[in-house]
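> when you get a sec, could you give me coordinates for this:
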Amino acid sequence: MSPNASDTICAIATATGRGGIGIVRISGPKTRQISAEVLGFNPTPRQAHSANFLNASGAIIDSGIAIFYAAPNSFTGEDVLELQGHGGTQILNEVMGQVLSFGARQANPGEFSERAFLNNKIDLVQAEAIADLIDAGSKQAARSA
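Here you go, the predicted structure:
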């Protein structure tokens, strides 16, 4: 397992740049605590909640949809929160900054998949296929993944 496998991790899960929707994903033991800070409540698992994303002062950064997946019923096998807000670098960076300030750390590349593998949610072949799909530079490469 990674040296910081007990950390709560976060990452922007959508392509950077201009876009209509941007997703910040959080996974680990502090996910519920971070949810309470960023949303002001803990969402019911596996239900989409319309929510405001808040900074430490309680001011609204953005609004969107929050979905919580309770362990072990998530991709990583840990508590996971997805914040689906407006796309765009500035808003996503602000949301990420708040999540980091509430106790998460930036995920390393492939760390969500690594945790899924280590928690027996996916096998090695599936983990490699995810990496191949992400790295695919052509339609044929994506199909092969």
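> residue ranges with poor pLDDT in the protein?
1-3, 141-142, 144-145 (pLDDT under 70).
> from the rest of the structure, what touches stretch 52-72?
Identification of contacts with stretch 52-72 by CB atoms under 8 Å, 6 or more residues apart in numbering yields 21, 31-32, 35, 37-40, 42-51, 75, 77-86, 91, 94-95, 98, 101-102, 119, 121. The C-beta positions use only the backbone N, C-alpha and C, and glycine is treated the same way.
> how long is it from one end to the other?
Counting by CA to CA, to the nearest Å, you get 26 Å between the two ends of stretch 52-72.
> what residues of it count as buried?
For stretch 52-72, a neighbour-count test (16 or more other CB atoms under 10 Å) marks 52, 53, 54, 61, 62, 64, 66, 67, 68, 69, 70, 71 as buried.
> in a markdown table, list these along with secondary structure and distance to residue 128.
Below are those laid out as a markdown table (DSSP: H, G, I helix; E, B strand; the rest coil; distance: CB to CB, whole Å):
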| residue | secondary structure | distance to residue 128 |
| --- | --- | --- |
| 52 | strand | 39 |
| 53 | strand | 34 |
| 54 | strand | 38 |
| 61 | strand | 36 |
| 62 | strand | 35 |
| 64 | strand | 32 |
| 66 | strand | 31 |
| 67 | strand | 27 |
| 68 | strand | 29 |
| 69 | strand | 23 |
| 70 | coil | 28 |
| 71 | coil | 24 |
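> right, I'll call it a day here.
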